[in-house]
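Novice: this is a predicted model, with the sequence first.
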Amino acid sequence: MENRSSSYSSNGTNKTADELIEDGIKYYKQKNYPKAVEIFLSLAEGGNAKAQGMLGACYENGIGVPQNYAKAVEWYQKAAEQGNSGSQNSLGYCYCNGRGVSQDYAKAAQWWQKAAESGNAIAQYNLGRCYSNGCGVSQNHAKAAEWYQKSAEQGNSEAQYILGECYSKGFGVPKNNAKAAQWWEKSAAQGNARAQCNLAWYYENGYGVPQNYAKAAELYQRSAEQGNAVAQYNLGRCYDNGRVLPQNYAKAAEWYQKAAAQGNTEAQYNLGACYYNGRGIPRDYAKAAEIYKKLAAQGDARAQSNLGWFYYNGHGVPQDYGKAVEWCQKSAEQGNAVAQYDLGQFYEYGHGVPQNYAKAVELYRKSAEKGFDEAQYSLAKCYYNGRGVSKDYAKAVEWYQKAAAQGHARAQCKLGVCYEFGQGVPKDYAKATEWYQKSAEQGNEEGQCCLAWCYENGRGVPRNYAKAVEWYQKAAGQGYARAQFRLAGCYENGHGVPKNYAKVVEWYQKAAEQGYVDAQCELAYCYYNGLGVPQDYSKAYEWYLKAANQGSSTAQCNIGNCYYNGYGVPQNYAKAVEWSRKAAEQGDAGGQARLGWCYSKGHGVPQDSAKAAQWYRKAAEQGNPEAQYNLGVLYDEGRGVPKSHAKAVEWWQKAAAGGDESAKRALLKL
């Protein structure tokens, strides 16, 4: 009788079981699934293990028969019990995933063990996964690596990839970047996208292989084109920073978009930055905000911090300080240094929260201790100004130094200030200049101005007016008002440039228009005296008034003079007294002298020699020659003070020494 497990009659031709299996496979490939199943079923019922396995696969995948996991398991079981390693592996999958049987990791591992011991490379890989994850067996990284090795040596690309991971991280084997790279090379050569990506990272950074940007770029590209999101992100990053590939923001954005669409959060975050900065794609705050909202909702601390910043500035979302605080708070609670700093700013300036300097300092400190230079700088400022903490120049210097060491230009400048004035450190002009130089070379306008001042005055460096002008010009060109003011002074005094009053006015004007008080006063002086511009008392008054309204005693004194003499405004003694008093009460000697004169003459106030003497004395004691002369007159005449010729002479002598001509004449008459 014919043994149906060994042969089968078809159209009168006897074929061996192996030949019939090949026929079944041929029909399967031709998509003649019913014919393939007919052959597999006939052989399987005769006990052919290979056919039983093939039939199990048909039932598992619903090919040529209705999908039926229970039937698949039944046939896999029959084949597996005959030692068919492929079916043992498939049966392991069924137990692992609960297909046709109750999920049972232990049974899955048992069947994979049988198949693995028979040399089945896929089962060896699967068994390695069981040991890696502790599924169905006790977790054992060494055992996992052992099985991965067996599978990898048979050419299984996934096993080669995972074995590379083991060597990369030191799981089950000693950490060895060179061996990791070797296994990834093998896997990558078979087209494994993850291995290509990891190997690219190694070539980029020179881990286990010589650094090779060209290789890195090639492997990232191959992996990315297979749809690997991590590789797509890395390829975008390479184009973004121009390290591995020539910088190309448009290509960076393109690859970030591909990776982001697959849910890669790093790519999504960077794509948000591209939209925010208009880098490689048109600037779109709303799209950036949309991306960061999604990431923030998933708990991404960086996105939460950025979203807070968006709400603070109204970028892509309505401005809302409350929401800004809310998102920065969430991020700060996760330890994000930038958010802690931003939240500190909110507390320092009372934006979205009640102003609280102590809370600001607490947050700055948390961020600063993580090394965030902006927070270190802000914490230093708090110590410098005694805001939220006791004023402590030494502590300020400590934090300025930390930020300055990271290249923070403003901190470098402030550290220079500390050395210049001996605040928290011994006074050292050379050190001050050194830090100003560092700050200035980074383009910090305050640092440039301070460095120019050092050159102008020979502090810490030999005096060099040309160098001073050079640095003032750099700072002034950035719109820094103090530098514009001082550059005007250089043109006025011919320091480093020829004297040029037109230039003087030009630079005073620029600084004055920014509200720089000293420049407003000097510009007014130019109009008052016709220096570099036609004399114009109205213009002089206008600029003096701007400065006076900012509290400048010099300007207030000059406004008083304008009203007293009717320069640029109708003469008005009462107004002259009002403005002279403002200046005088701030200690301005000119204002005090003018107020004394008004009391002496009864101009704008009732005549009062005692009050005249009182104000003259204040001005005279500051060395004002006019007030010294007039106080001498009061002593000579005995008005408002006891008559005293000796006192009169004493004050006239002081006035004459100061160049007062009236005092000189008075002394000649003695």
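Specialist: Ah, there it is.

Novice: going by C-alpha atoms from here, please, whenever you check contacts or count neighbours.
Specialist: OK.

Novice: shaky segments in the chain?
Specialist: 1-13 (pLDDT under 70).

Novice: and Gln190, how far is that from Leu127?
Specialist: In this view, Gln190 and Leu127 are 22 Å apart by Cα to Cα, to the nearest Å.

Novice: and those two? Which one has more around it.
Specialist: Neighbours around Gln190 and Leu127, counted as other Cα atoms under 10 Å, are more numerous at Leu127. The numbers are 31 against 15.

Novice: now do the helix or strand hosting that one: which elements does it pack against?
Specialist: Using DSSP states H and E, Leu127 maps to helix 121-133. Secondary-structure packing of helix 121-133 (3 or more Cα pairs under 8 Å, 6 or more residues apart in numbering; DSSP states H and E): helix 105-117, helix 141-153.

Novice: with just CA atoms, put the first one into CSV.
Specialist: Output in CSV follows, covering the C-alpha atoms of helix 105-117 (Å, rounded to 0.1, in the frame of the first residue of the first chain):
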residue,chain,number,x,y,z
TYR,A,105,5.2,33.5,27.5
ALA,A,106,6.7,30.5,29.2
LYS,A,107,5.4,28.1,26.5
ALA,A,108,6.5,30.6,23.8
ALA,A,109,10.0,30.5,25.2
GLN,A,110,10.0,26.7,25.5
TRP,A,111,9.1,26.3,21.8
TRP,A,112,11.7,28.9,20.7
GLN,A,113,14.2,27.1,22.8
LYS,A,114,13.6,23.9,20.9
ALA,A,115,13.8,25.6,17.6
ALA,A,116,16.8,27.6,18.6
GLU,A,117,18.7,24.5,19.7
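
Novice: tell me what that helix is packed against?
Specialist: Using 3+ Cα pairs under 8 Å, 6+ apart, helix 105-117 sits against helix 85-97, helix 121-133.

Novice: elements contacting the one helix or strand Arg581 maps to?
Specialist: Using DSSP H and E, Arg581 sits within helix 573-585. Secondary-structure packing of helix 573-585 (3+ Cα pairs under 8 Å, 6+ apart): helix 553-565, helix 589-601.

Novice: list the buried ones in the first one?
Specialist: In other words, helix 553-565. Buried residues in helix 553-565, counted by 16 or more other Cα atoms under 10 Å: 553-564.

Novice: sorry, back to before: let's have the helices and strands packed on helix 121-133 in TSV, adding distance to Gln653 and mean neighbour count.
Specialist: As requested, those are exported to TSV (distance: least, Cα to Cα, whole Å; neighbours: other Cα atoms under 10 Å):
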stretch	distance to Gln653	mean neighbour count
helix 105-117	110	23
helix 141-153	100	23
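
Novice: now render the ones you listed as JSON lines, adding distance to Lys15.
Specialist: Putting these into JSON lines (distance: least, Cα to Cα, whole Å) gives the following:
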{"stretch": "helix 105-117", "distance to Lys15": "29"}
{"stretch": "helix 141-153", "distance to Lys15": "35"}
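
Novice: picking up where we left off before, which residues does the helix holding Leu127 contact?
Specialist: Contacts with helix 121-133, where a contact means Cα atoms under 8 Å, 6 or more residues apart in numbering, come from 89, 109, 112-113, 115-117, 135-141, 143-148, 150-152, 154, 156, 158-159.

Novice: again, but for stretch 136-150
Specialist: Stretch 136-150 has contacts (Cα under 8 Å, 6+ apart) with 104-109, 121, 124-125, 127-134, 159-160, 162-163, 166, 171-173.

Novice: and those, which are buried?
Specialist: Burial by neighbour count, 16+ other Cα under 10 Å: within these this picks out 104-109, 121, 124-125, 127-132, 134, 159-160, 162-163, 166, 171-173.

Novice: and the gap between the spatially closest residue to Gln622 that is not a sequence neighbour and Asn558?
Specialist: Distances taken as Cα to Cα, 6 or more residues apart in numbering place Ala589 nearest to Gln622, at 6.5 Å, with adjacent residues excluded. Per Cα to Cα, Ala589 is found 12 Å from Asn558.
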